[in-house]
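1. what follows is a protein structure lacking sequence information:
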C-alpha cells in the first residue's frame with residue numbers, strides 16, 4: 001500500500017465516526033418529532049448517546065489490538081457499527097434509538113483507536129504529525145458534505161434512510177480495509193491480554209506527564225467542539241433562520257479546518273508540533289476572548305457574517321491544535337500504541353462529550369453559552385499545556401525526519 005492510499009483509507013476509517021454525527025444534524029428536529037420528543041434540547045441526546053458509547057469502548061479496543069493485532073478488532077468494530085445503523089432505521093421509539101446509538105458508538109470506537117494505533121505503528125515524531133494532518137484534511141471533507149447529504153436524503157425520503165446510508169458507507173470502507181490493509185503491529189510489540197499487562201499499560205500512559213496533560217488539554221478543547229455540534233442546528237436554524245442552508249454554513253467552517261490541517265502538514269516538519277500548536281492555542285484563546293466580548297456587549301443577536309468570521313478563525317486554530325496535540329500525546333508511547341490510543345481516546349472523547357453535553361444543555365436561545373464555553377476551555381487547555389511543558393512554550397523537541405515517500409507496512 002502506498003502512502004497516499006494509506007492516508008485516504010485511514011481518513012475514511014476515522015470519518016465513519018464523523019459521518020455518524022454530522023449527517024444527521026439537519027434531521028434532529030424530524031427525529032424528535034417522529035419519536036415524540038417534546039423538549040428541544042433532549043434531541044441532542046442522539047449525538048450524546050453515540051459519543052458516550054464511542055468514548056467508553058475505546059478502553060477495550062486498545063488492549064485487544066495490542067494482543068490480537070489491528071485488523072480483527074477493527075473489523076469487529078465496523079460490523080457492530082453497520083448492524084446497529086441498519087437497526088436504528090427500523091426502531092420505533094426514541095429510547096430504543098438512543099440504545100442503538102450507544103451500541104453504534106461502541107463499534108465506531110474501533111475506527112478511532114485502532115486507526116491512530118496503525119498510524120503510530122508506521123510513523124513517529126513530526127512525520128506522524130504530518131501524516132495525521134493530511135488524514136485530518138481528508139477527514140474534514142465529511143463535515144463539509146455530510147450535513148448536505150443528510151438534507152438531500154430527507155428531501156427524497158425520511159430520516160430512517162440516513163442510517164441506511166451510513167451503514168452502507170461503513171460496509172464499503174470495511175471491505176476496502178479488509179482487502180487492502182495488512183497487519184501493522186510488529187511481533188515484538190504484541191502484549192499479553194492479562195489484567196496485569198493491561199494495568200501496566202494503563203499505568204505507563206497515565207503516569208506520562210506529557211501524554212496525560214496534552215490529552216486533558218485536548219479533552220477540554222474537543223468539549224467545546226462537541227458543544228457546538230450539539231447545538232449547531234439550534235444556532236443556525238433557530239437563531240439565524242438558515243433552514244435548508246444550515247449544511248452550507250456547517251461545511252464552510254469545516255473547509256477552514258481542512259485548510260488548516262493541510263497547512264499544518266506542510267509546516268510541521270520545519271517548525272515542529274510544539275511551536276505550531278502552542279501558537280494556535282494562544283491564537284484560539286485570543287480570538288474566543290474577542291468573540292465573547294462582542295457576543296456579550298455587541299448587538300443581539302450578533303450579525304451572522306460576524307459570527308461566521310469569529311467561528312471560522314477559531315476553528316482554523318483548532319485545526320492546528322488537534323492533530324499536533326494527538327501526536328504529542330502518542331509520541332512517547334509507541335511501544336504500547338494500542339493501549340495508549342485507548343486510554344487517551346477514552347479520556348478525550350468521554351470527557352469532551354460530557355463537557356459538550358453540558359455546554360449544549362445551557363443553550364438559551366443565544367450563542368452566548370457556546371462562546372463562553374470556547375473561551376473557558378481554551379484557558380484550561382493552556383494551563384495543562386504549561387504543566388506538560390514545565391512552563392515553557394514553543395520549545396522544539398523532535399528533529400525533522402528524513403523525507404520518505406515509501407510506506408513499509410508489516
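-> Received the coordinates, thanks. Given the structure is predicted, the values throughout are model-derived calculations rather than measurements.

2. which helix or strand lies directly C-terminal to the strand or helix carrying residue 20?
-> Using DSSP states H and E, residue 20 sits within helix 3-22. As assigned by DSSP H and E, the chain's next helix or strand after helix 3-22 is helix 28-34.

3. what's the spacing between residue 349 and residue 293?
-> 31 Å (Cβ to Cβ, to the nearest Å). Just so you know, the C-beta spots here come from the backbone N, C-alpha and C atoms, and that holds for glycine as well.

4. neighbour count winner among those two?
-> Per other Cβ atoms under 10 Å, whichever of residue 349 and residue 293 has more neighbours is residue 349, with 27 against 12.

5. give me the neighbour count for residue 252.
-> Counted with other Cβ under 10 Å, residues neighbouring residue 252 total 14.

6. surely it meets residue 305?
-> No. Between residue 252 and residue 305 there is no contact under Cβ atoms under 8 Å: 11.4 Å.

7. name the helices or strands packed onto the helix or strand bottoming out on mean pLDDT in the chain?
-> Sorting the helices and strands of the chain by mean pLDDT, DSSP states H and E puts helix 125-139 at the bottom, at a mean of 78. When contacts are defined as 3 or more Cβ pairs under 8 Å, 6 or more residues apart in numbering; DSSP states H and E, helix 125-139 packs onto helix 3-22, helix 94-122, helix 246-271, helix 304-330.

8. spit out the contact partners of residue 240.
-> Residues in contact with residue 240, defined by Cβ atoms under 8 Å, 6 or more residues apart in numbering, are 249, 301, 304, 307.

9. and it, how far is that from residue 302?
-> Counting by Cβ to Cβ - residue 240 and residue 302 are separated by 9 Å.

10. how many neighbours does the residue nearest to residue 30 when sequence neighbours are not counted have?
-> Distances taken as Cβ to Cβ, 6 or more residues apart in numbering place residue 159 nearest to residue 30, at 5.1 Å, with adjacent residues excluded. A count of nearby residues for residue 159, using other Cβ under 10 Å, gives 22.

11. relative to residue 328, how far out is residue 159?
-> Here residue 159 is placed at a distance of 39 Å from residue 328 (Cβ to Cβ).

12. what do you get for residue 383?
-> Between residue 383 and residue 328 the distance, using Cβ to Cβ, works out to 16 Å.

13. between these two, tell me which one has more neighbours.
-> residue 328 (27 against 14).

14. avg pLDDT for stretch 317-328?
-> Stretch 317-328 carries an average pLDDT of 84.

15. cool, and stretch 167-180?
-> The average pLDDT for stretch 167-180 rounds to 96.

16. same check on stretch 41-53?
-> For stretch 41-53, the mean per-residue pLDDT is 85.

17. surely residue 258 is in contact with residue 137?
-> Yes. Using Cβ under 8 Å, residue 258 is in contact with residue 137, at 5.0 Å.

18. confidence score at residue 410?
-> Per-residue confidence (pLDDT) for residue 410: 41.

19. repeat for residue 82
-> Reading off the model, residue 82 has pLDDT 97.

20. mind checking the SS state of it?
-> helix (DSSP: H, G, I helix; E, B strand; the rest coil).

21. contacts only, for it.
-> 107, 167, 170, 171, 174 are the contacts of residue 82 under Cβ under 8 Å, 6+ apart.

22. same thing but 7 Å
-> Contacts of residue 82 were listed using Cβ atoms under 7 Å, 6 or more residues apart in numbering, and they are 167, 170, 171.

23. next: residue 48.
-> Contacts for residue 48 (Cβ under 7 Å, 6+ apart) come out as 353, 357.

24. secondary structure element holding it?
-> Residue 48 belongs to helix 45-56, assigned by DSSP H and E.

25. repeat that for residue 284.
-> helix 273-297.

26. contact partners of that helix?
-> Outside helix 273-297, the residues within contact range by Cβ under 7 Å, 6+ apart are 126, 129, 264, 267-268, 302, 310, 313-314, 317-318, 320-321, 324-325, 327-328, 367-368, 371-372, 374-375, 378-379, 381-382, 385, 393-397.

27. buried among those? Make that a PyMOL selection.
-> Here is the PyMOL command that selects only those of those that count as buried (16 or more other Cβ atoms under 10 Å):
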select buried, resi 126+129+264+267+268+302+310+313+314+317+318+320+321+324+325+327+328+367+368+371+372+374+375+378+381+382+385
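
28. pick out the most distant pair among the contacts of residue 240.
-> 249 and 301 (14.2 Å; Cβ to Cβ).

29. more neighbours, these two?
-> residue 249 (21 against 16).

30. which residue, other than its chain neighbours, is closest to that one?
-> Once flanking residues are discounted, residue 249 sits nearest to residue 236: 5.4 Å by Cβ to Cβ, 6+ apart.

31. gap between the one you found and residue 15?
-> 22 Å.

32. same question for residue 277.
-> From residue 277 over to residue 15 the distance is 22 Å, taken as Cβ to Cβ.

33. more crowded one of those two?
-> Applying other Cβ under 10 Å to residue 277 and residue 15 shows that residue 277 carries more neighbours, namely 28 against 24.

34. name the nearest residue to the more buried one, sequence neighbours excluded.
-> residue 324 (3.7 Å).

35. what residues are up against the one you found?
-> 129, 264, 268, 273, 276, 277.

36. now residue 160
-> Taking Cβ under 7 Å, 6+ apart, we find residue 160 in contact with residue 89.
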